[in-house]
Structure formats: C-alpha cells, structure tokens
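Asks: sequence first, predicted model second:
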Amino acid sequence: MRKKYVAMMLAAILGISTAFAAGGCGQNDSEEKQGEQGNSEENEEDITLRFMWWGDDVRHEATLAVIEQYEEAHPNVTIEAEYGGYDGYFEKLTTQLSGGTAADIIQYNANTVTDLMAIGDVFVNLEDYSDVLDTSGFNQDFVQNFSYYDGKMIALPTGVNGGIWLANTALFDEVGIDPESIVTWDDFIAAGKKMHEANSSYYLFNIDIETLGKELLGSIMAQITGEDMIDVDTYEMNFTKEDLLTAFTLIEEMYDNNVLEPAADSAPYSLKINTNPKWINHELAVAYGATSNIYDGYYDFKDTAAALDMPVFEDAKETGILYVPPQMMAISSTCEHPEVAADFLNYFFNDETALDTLKGCRSIPPTEKGQQICEEKGYIDPVLVTAVEKAAETGTAHQNIYTPTEVVEILQDATEKIAYDQGDAQSITEETMTLLEETLNRLKG
C-alpha cells in the first residue's frame with residue numbers, strides 16, 4: 001500500500017482543525033506577494049498568457065471567473081482561455097508541445113507525463129519561481145510523488161482524486177443484496193448475476209469500455225501483481241501471461257454473467273456514463289470513475305448514495321484503489337513570462353477568493369486552505385469525501401501513470417474485443433502479449 005499517502009487524511013475536510021505550518025502562506029502573505037508582483041509589473045509592457053485546460057461547464061465558468069479576478073488585480077496582464085472537452089485534448093497538446101506552440105499555462109493528465117516529457121524539456125522547473133509561487137500548503141508527500149520528473153518540479157496537482165464506486169443502495173435493497181457484503185470479485189459477480197435475474201432491466205456495474213480498459217484494468221493488475229504494469233526504466237512487463245489472463249477472464253465473466261450492460265448498449269455513453277438512460281432511471285447500481293468526474297447533477301439519489309470499497313481478489317497484493325491527482329498544472333518552457341505565469345498559479349492555488357470561486361471543480365482541492373474552505377462552506381459532496389478518504393488510507397502504490405500510451409491502447413483494444421465477444425479471454429491474451437512484446441521491444445530502442 002502507499003503508506004506515505006496515509007498522512008494526507010484530508011484534515012480540513014474531515015472536520016479536524018489544523019493550523020497551517022509555520023512556513024505556510026496565509027491570505028495576507030499571498031496577497032502581499034501578489035501585490036509586490038503587481039507593483040513590479042506596473043511599469044512593464046502589457047503581457048499576454050495563454051491558459052489551456054479541459055473540463056465541463058462548471059469548471060470552465062469557475063476558471064474563467066478566477067482569470068477575470070487576476071486580470072482585475074493585474075491590469076497589464078491578459079490571460080487568454082483555451083478550453084473545451086477532453087476529446088482530442090491530449091493529441092492537440094502533444095502537437096503543440098512538439099511544435100513549440102503550446103499555451104503558457106497547461107493542464108494535463110498525470111498519466112500522460114511520460115509521453116509529454118518524451119517530447120523534450122517542455123515544462124519549466126516551478127522551484128525556480130518559489131519567490132512568487134508558494135507550495136507550502138500542499139501535502140508534500142503527494143507533491144513528491146506526482147510533481148517531480150527527473151528531479152524537477154514540473155507541475156502541481158490540481159486536486160486530490162480517488163477512484164469511487166458510487167452505489168445507489170436502493171437497488172441493492174430492492175433485490176435483497178447487502179452492498180457491504182461485496183468484498184471479493186467473486187462476490188461482485190454473484191451480486192451482479194442476482195440483480196439481473198431479479199430484474200432483467202437492472203445491471204450492477206456502470207462503466208464505459210474505455211475506462212474499463214485504460215484505468216480499471218490497471219487497478220486490477222495492481223491487485224494481481226503488486227507492481228506497475230511496465231517498468232519505466234527497462235520497458236519490461238511486470239506481469240506474466242497468466243496474470244493478464246486472470247484480469248481478462250474477470251472482465252469476460254462480468255459480461256457473461258450480465259454484471260455489465262451489453263457493450264453495444266452502453267457504447268453511446270462512453271466517458272459520459274451519467275447520461276446513460278439506465279443510470280438516470282436507476283437501473284444501474286454502481287458507477288465507477290474518478291471523484292474529479294463526479295459533479296453536481298451526476299446522480300440524483302442523494303439519500304441512498306454510498307461509496308463502496310473496490311472488490312479484490314482473495315490473494316490481492318494491493319487494494320487497487322486509485323489515488324492520484326485529477327490533473328496537473330504546468331508552465332510551458334516556451335512561456336515568455338514564466339514568473340507572471342507562476343504568480344497566476346500562486347493566486348489560483350492560494351488566494352481565498354480564487355479558492356472560494358473554484359470550489360471543487362477539479363475534485364477536492366490539493367491545499368489545506370482549499371480543503372478548509374470547501375469543508376466550511378459545504379462545497380464538496382460528502383460521498384466523494386468518503387471515497388477519497390478510503391483512497392488516502394489504502395490507495396494502491398502502483399498507479400501506472402508512467403505506462404506508455406501505446407501499451408495502454410493495446411490493452412484497451414483487447415478489453416474492447418472481450419466486451420464485444422470477439423474472441424475468448426485465452427486467445428485475446430495470447431494476441432495481446434505478442435503485441436505488447438513487439439511494442440516494448442521497439443520502445444526500448
């Protein structure tokens with residue numbers, strides 16, 4: 001287990017009163033820094049920064065409001081917003097970074113860092129701007145695990161993100177299943193089978209194929225091996241063919257036993273499972289995803305909602321529970337005014353007005369101050385807090401964030417074949433292992 005994460009118990013969110021560390025930056029300190037930065041800019045030329053992110057309308061509106069606040073305090077600074085959905089975002093970002101045309105401030109997914117850094121030295125070292133960017137309010141263990149690459153602080157986490165098994169307990173009650181009795185994967189499959197037999201419109205598990213193949217599969221493999229799937233230094237697999245067959249067989253059994261809705265029926269709602277009519281009509285009992293993706297309106301069964309534990313194999317090496325940043329925030333190495341960009345990030349992460357505006361639009365905030373504001377004002381869904389608390393306590397040590405994209409795509413394609421019954425788990429495992437070996441040999445150079 002990632003024991004170093006246990007220290008981050010989300011003190012403010014859980015109602016435990018804690019004070020900032022002596023070196024922390026309070027509101028007055030933050031405002032003083034921003035004031036000094038603003039004064040130094042008064043006689044400078046106008047500055048324009050580009051800020052690129054993805055998200056939903058709630059995130060967009062909050063982020064735009066924070067940009068406007070900063071611009072009002074810094075009249076010579078204009079921040080151009082470049083935002084939209086996630087579809088195509090990674091491809092656009094890599095193209096821009098490769099061509100030297102990327103935005104100045106960039107939001108990226110933590111699990112894409114290997115591919116982004118393979119392009120070159122694309123992000124500045126944020127420690128070079130510690131005079132304007134205060135990071136003392138972040139959990140330092142979390143920062144050490146996700147902010148550094150080759151010894152440089154290339155980004156900061158935008159929040160604290162846990163894998164959530166969001167359950168509508170009313171469906172369990174209706175068919176006579178105690179959700180707390182689901183401990184193992186065998187329990188999970190048995191419960192799904194019973195639920196569908198009780199009502200043929202019901203399915204236990206709501207997950208899209210892409211998330212199943214690109215995220216949950218990695219957590220399942222962590223349970224089996226207790227390792228990341230790929231050794232980032234040697235490009236060797238940390239699993240055997242038998243390990244992969246175990247994982248693929250589990251997915252196959254979910255479909256065969258009607259634990260999952262048929263792939264063809266759920267496909268239109270990929271990456272937006274909350275829009276599935278069966279979810280809206282309370283015919284799907286458990287949704288899997290990241291807490292950062294659960295927003296207001298995602299579900300309407302507030303009185304019967306619960307965050308369940310992730311099922312495990314009886315001999316699991318780890319829990320498999322996701323515990324990572326939802327996104328990372330970096331400054332491009334091509335930025336002409338990195339100190340101003342760092343000052344904006346200081347406002348974004350530390351200013352009370354900004355934190356009160358952003359609320360939980362990027363999951364539970366990454367700083368103690370942000371968490372305190374959200375707890376005091378009730379900005380965070382308590383079900384999400386429960387899920388993140390579970391992840392903080394026992395989150396898996398191996399998050400597979402350094403797995404090359406090509407490997408992830410191969411595994412996702414294999415998962416899709418299982419979902420559409422385009423071969424049995426054994427044959428798909430054989431084919432996948434061959435593709436993985438060829439790809440990893442090529443990546444080794």
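Replies: On my side now, so go ahead. Numbers count the residues shown, from 1 in each chain.
Asks: quick one: stretch 172-179 to chain centroid distance?
Replies: Averaging C-alpha positions (Cα atoms, centre = their mean, to the nearest Å) puts stretch 172-179 30 Å from its chain's average.
Asks: an error on my part: the question was meant for stretch 233-252.
Replies: Using Cα atoms, centre = their mean, the mean C-alpha position of stretch 233-252 is found 23 Å from that of the whole chain.
Asks: same thing with stretch 160-174?
Replies: Mean-position distance between stretch 160-174 and its chain equals 18 Å (Cα atoms, centre = their mean).
Asks: span of it from start to end?
Replies: Across stretch 160-174, the terminal residues are separated by 34 Å (Cα to Cα, to the nearest Å).
Asks: again, but for stretch 362-382
Replies: 15 Å.
Asks: tell me which residues of that stretch are tucked away?
Replies: The neighbour-count check on stretch 362-382 (16 or more other Cβ atoms under 10 Å) flags 362-375, 379-381 as buried. For glycine as for every other residue, the C-beta is placed from the backbone atoms N, C-alpha and C.
Asks: among these, which lie within helices?
Replies: In helices, defined here by DSSP state H, the members of the buried residues of stretch 362-382 are E368, K369, G370, Q371, Q372, I373, C374, E375.
Asks: just the element for the closest residue to the third one other than its chain neighbours, please.
Replies: Pointing back at G370 there. Leaving aside its chain neighbours, G370 sits nearest to L355 (4.6 Å; criterion: Cβ to Cβ, 6 or more residues apart in numbering). Assigned by DSSP states H and E, L355 belongs to helix 352-358.
Asks: what mean pLDDT does that helix have?
Replies: Confidence over helix 352-358 (mean pLDDT, whole number) is 98.
Asks: packing partners for that helix?
Replies: The contact analysis (3 or more Cβ pairs under 8 Å, 6 or more residues apart in numbering; DSSP states H and E) places helix 352-358 against helix 57-73, helix 338-350, helix 368-377.
Asks: now find how far off-centre the last one is within its chain.
Replies: The one in question is helix 368-377. Relative to its chain's centre, helix 368-377 lies at 20 Å (Cα atoms, centre = their mean).
Asks: ok so, going back, contacts only, for the residue nearest to G370.
Replies: By Cβ atoms under 8 Å, 6 or more residues apart in numbering, L355 lies in contact with F349, P365, T367, K369, G370, I373.
Asks: same check, this time on F172
Replies: For F172, the contacting residues are D178, P179, A191, M195, A285, by Cβ under 8 Å, 6+ apart.
Asks: can you redo these as JSON lines with neighbour count?
Replies: As requested, the contacts of F172 are exported to JSON lines (neighbours: other Cβ atoms under 10 Å):
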{"residue": "D178", "neighbour count": "10"}
{"residue": "P179", "neighbour count": "19"}
{"residue": "A191", "neighbour count": "23"}
{"residue": "M195", "neighbour count": "25"}
{"residue": "A285", "neighbour count": "27"}
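Asks: closest one to G100 out of these, please.
Replies: Closest approach between the contacts of F172 and G100, by Cβ to Cβ: A285, at 48.6 Å.
Asks: not counting its neighbours along the chain, what's nearest the closest one?
Replies: That would be L171: by Cβ to Cβ, 6+ apart, it lies 4.2 Å from A285.
Asks: immediately after the helix-or-strand element of the chain with minimal mean pLDDT, which helix or strand?
Replies: One helix or strand of the chain scores below all others by mean pLDDT, DSSP states H and E: helix 27-41, with a mean of 44. Downstream of helix 27-41, the next assigned helix or strand under DSSP H and E is strand 47-54.
Asks: how far away from the center of its chain is that next one?
Replies: In terms of Cα atoms, centre = their mean, the gap separating the centre of strand 47-54 from the centre of its chain is 21 Å.
Asks: thinking again about what came up before, buried deepest among the helices and strands packed on helix 352-358, which one?
Replies: A comparison of those by mean neighbour count, using mean count of other Cβ atoms under 10 Å, puts helix 338-350 on top with a mean of 24.
Asks: let me see the mean pLDDT of the helix or strand hosting Y255.
Replies: Per DSSP H and E, Y255 falls inside helix 241-256. For helix 241-256, mean pLDDT rounds to 98.
Asks: follow-up on the earlier one: sec struct for the residue nearest to A285, please.
Replies: At L171 the chain is in helix, as set by DSSP: H, G, I helix; E, B strand; the rest coil.
Asks: is it true that it touches K278?
Replies: No. The pair L171 / K278 is not scored as a contact, 10.9 Å apart, by Cβ atoms under 8 Å.
Asks: now the most centrally placed residue in the chain: closest residue in space, sequence neighbours ignored.
Replies: Geometric centre of the chain, nearest residue: P326, 3.2 Å, by Cα atoms, centre = their mean. Nearest non-adjacent residue to P326, counting by Cβ to Cβ, 6+ apart: S292, 3.3 Å away.
Asks: count of neighbours near that neighbour?
Replies: 25 (other Cβ atoms under 10 Å).
Asks: relative to I401, how far out is it?
Replies: Note on S292: its distance to I401, by Cβ to Cβ, to the nearest Å, is 15 Å.
Asks: just the pLDDT at E68, thanks.
Replies: Residue-level pLDDT assigned to E68 equals 98.
Asks: for D87, same thing?
Replies: D87 carries a pLDDT value of 89.
Asks: now do the buried residues in the helix or strand just after the helix holding Y255.
Replies: Sequence order places helix 263-266 as the next helix or strand after helix 241-256, per DSSP H and E. If you call a residue buried by 16+ other Cβ under 10 Å, then helix 263-266 has these buried ones: A263, S266.
Asks: average pLDDT across the following helix or strand past helix 263-266?
Replies: With elements assigned by DSSP H and E, the helix or strand that comes after helix 263-266 is helix 277-280. Mean pLDDT, helix 277-280: 98.
Asks: which residues sit against helix 277-280?
Replies: So helix 277-280 is contacted by S201, Y203, N206, E261, Y269, I273, N274, L284, A287, Y299, D300 (Cβ under 8 Å, 6+ apart).
Asks: swap the cut-off to 7 Å and go again
Replies: N206, E261, I273, L284, A287 (Cβ atoms under 7 Å, 6 or more residues apart in numbering).
Asks: show me the beta-bridge partners of the closest residue to the second one other than its chain neighbours.
Replies: The spatial neighbour of E261 that comes closest, neighbours along the chain excluded (Cβ to Cβ, 6+ apart), is Y203 at 4.6 Å. Taking DSSP bridges, one obtains L284 as the residues bridged to Y203.
Asks: give me the neighbour count for Y203.
Replies: 26.
Asks: and it, how close does it get to I209?
Replies: Distance of Y203 to I209, computed by Cβ to Cβ: 14 Å.
Asks: higher neighbour count, L171 and K278?
Replies: Set side by side, L171 and K278 show more neighbours around L171, with 23 against 17, by other Cβ under 10 Å.
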